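Colleague: Here is the input, now give the coordinates:
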Amino acid sequence: MSLRNIGIVYRKELTESLRDRRTLITMFVLPLIIFPLLSVGFGAMIAVLIGKAKEESPKVMVIGGDDSPSVLAGLKKVPRIQIVPLESNWKDEVVNKQVPVVVEIPEGFERNLAGEKEQTVLIHDYEGDLKSETAKDKVEKYFNEYRDSIVKDRLAARNLPVSVLKPFEIKPHNVAPPEKSGGALFFGGFIAYIVVFLCLNGGMHPAMDLTAGEKERGTMETILSSPISRSHLVLGKFLLVLTTALTTAALSVISMGISFAIANALRTTPIQAGEQGATLHIGFGAALSVFIMAVPLAVLFSSVLITISTFAKSYKEAQSYIMPLIFIVIIPAIAAMLPGVELNPKLALVPILNVSLLCKELVIGTYHWNYIAIIFASTCVYAAAALFIAIKMFQRESVLFRS
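Modeller: Below is the predicted model of the structure:
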């Protein structure tokens with residue numbers, strides 16, 4: 001094998017690719033803007049929407065309550081809600097998001113409270129709607145406080161302390177460090193998904209251009225007539241696709257770390273439950289580990305992309321062939337974000353899913369060295385097999401010059 005010949009092909013393809021605007025966009029622009037948009041921009045937008053919903057005064061309709069004037073009067077005094085007249089089509093109003101919630105007070109509510117009869121106040125809402133959920137929380141808070149006041153009065157009438165009903169407190173205490181508290185929820189898997197997707201996306205355009213694009217431009221025959229062997233040609237092209245994929249993965253990891261640091265500084269990190277003050281953080285070691293695990297995956301993607309694109313007669317045909325591959329990659333990458341899907345010996349051998357699950361663990365600072373070895377080795381085997389197939393396909397005339 002001549003490294004000199006492979007280097008010649010690689011430098012030639014690299015020079016041409018750096019002149020291609022589409023390649024530059026997928027390599028540099030996309031990974032550098034997607035994480036800032038998601039972490040800072042999207043997080044700030046969510047914070048603004050939630051803040052705006054809490055500041056609004058939602059409309060609330062009330063069913064019944066005419067025989068419970070004190071309850072109705074207290075409800076009207078709840079800050080930032082607006083009691084409006086009940087309409088006959090109140091269900092449609094809630095479904096169409098014209099009215100966030102409708103409160104249904106049972107008949108004889110106050111009278112039955114004196115008799116200590118069990119009753120239920122219904123809050124009709126639109127589950128999943130932000131405004132409806134906010135209005136429901138305000139109304140529910142009022143009735144909880146009203147219920148607590150009645151309980152206190154009953155205890156006081158019997159000369160009993162409030163602690164009778166609440167003899168002890170239950171308080172959860174998070175012992176996980178902040179970076180694990182934030183990353184373990186959602187973003188560990190989401191980061192892995194983005195890195196996997198961008199790694200595939202980074203090599204997609206160059207792979208199609210260097211194979212199907214060459215056929216479409218009529219330059220494939222010229223390249224094949226050169227004194228360089230076909231194995232050297234495909235390896236040179238493969239290295240260019242691998243370079244773009246790894247560059248995209250590296251920039252995405254760098255952008256990820258910077259974006260999370262900015263988001264935490266601005267306190268706009270989205271979707272972070274748990275203890276207040278938890279931050280989403282990725283250290284240098286975690287970022288480096290994610291990138292190292294992306295290397296064999298990038299080799300696998302580059303080899304598969306080269307192989308598939310070689311079968312196509314044109315760039316557009318190559319796009320149609322690669323489209324199913326995108327779904328094949330996305331499905332296991334998304335599966336890593338599902339709750340309950342954790343690393344085990346069987347999943348450690350499933351390509352793409354294993355790397356996604358491992359990257360999720362690496363982001364939160366958990367290193368399973370046995371799984372790391374299994375996943376890295378298995379992915380290298382898959383990548384070597386895919387590269388071998390790519391070289392073989394490039395040596396078949398029926399594939400290169402199919403009509």
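Colleague: For residue 20, grab phi and psi.
Modeller: phi -90, psi 120 (degrees, to the nearest 10).
Colleague: hang on, I meant residue 167
Modeller: Dihedral angles (degrees, to the nearest 10) for residue 167: phi -70, psi -20.
Colleague: Confirm for me that residue 134 is in contact with residue 53.
Modeller: Yes: using CB atoms under 8 Å, residue 134 makes contact with residue 53 at a distance of 4.7 Å. C-beta here means a position set from N, CA and C on the backbone, and glycine is covered the same way.
Colleague: Who has more neighbours out of the two?
Modeller: Neighbour count, other CB atoms under 10 Å: between residue 134 and residue 53, residue 134 has more, with 21 against 17.
Colleague: got the contact list for that one?
Modeller: 53-54, 56, 58, 100 (CB atoms under 8 Å, 6 or more residues apart in numbering).
Colleague: most neighbours, which of those residues?
Modeller: Using other CB under 10 Å as the neighbour criterion, residue 100 leads the contacts of residue 134 with 27 neighbours.
Colleague: thought it was touching residue 139?
Modeller: No: Residue 100 is beyond contact range of residue 139, at 9.3 Å (criterion: CB under 8 Å).
Colleague: which residues do these two both contact?
Modeller: Joint contacts of residue 100 and residue 139 (CB under 8 Å, 6+ apart) are residue 60.
Colleague: Show me the helices in the stretch 1-150 of the chain, by range?
Modeller: For the stretch 1-150 of the chain, the helices defined by DSSP state H, counting those that start in this stretch cover 3-17, 21-24, 30-36, 42-55, 69-76, 90-95, 109-114, 130-157.
Colleague: For the shortest one, name the packing helices and strands.
Modeller: With contacts defined as 3 or more CB pairs under 8 Å, 6 or more residues apart in numbering; DSSP states H and E, the packing partners of helix 21-24 are helix 188-210.
Colleague: Ok, the fourth one next?
Modeller: Counting contacts by 3+ CB pairs under 8 Å, 6+ apart, helix 42-55 packs against helix 130-157.
Colleague: Any idea how far the helix it packs on is from the middle of the chain?
Modeller: In this view, helix 130-157 has its centroid 36 Å away from the chain centroid, taken as CA atoms, centre = their mean, to the nearest Å.
Colleague: Just want the angle from that helix to helix 42-55.
Modeller: Using axes from the mean of the first three to the mean of the last three CA atoms, to 10 degrees, the inter-axis angle of helix 130-157 relative to helix 42-55 is 50 degrees.
Colleague: list the buried ones in helix 130-157?
Modeller: Buried positions in helix 130-157, judged by neighbour count with 16 or more other CB atoms under 10 Å: 131-132, 134-136, 138-139, 142-143, 146.
Colleague: In TSV: the residues you listed, plus distance to residue 122 and pLDDT.
Modeller: Shown next, in TSV, are these (distance: CB to CB, whole Å; pLDDT from 0 to 100):
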residue	distance to residue 122	pLDDT
131	19	87
132	14	90
134	18	89
135	14	91
136	11	93
138	16	91
139	11	93
142	14	94
143	11	94
146	15	92
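Colleague: just these now: which is nearest residue 360?
Modeller: The nearest member of the buried residues of helix 130-157 to residue 360, counting by CB to CB, is residue 134 at 31.6 Å.
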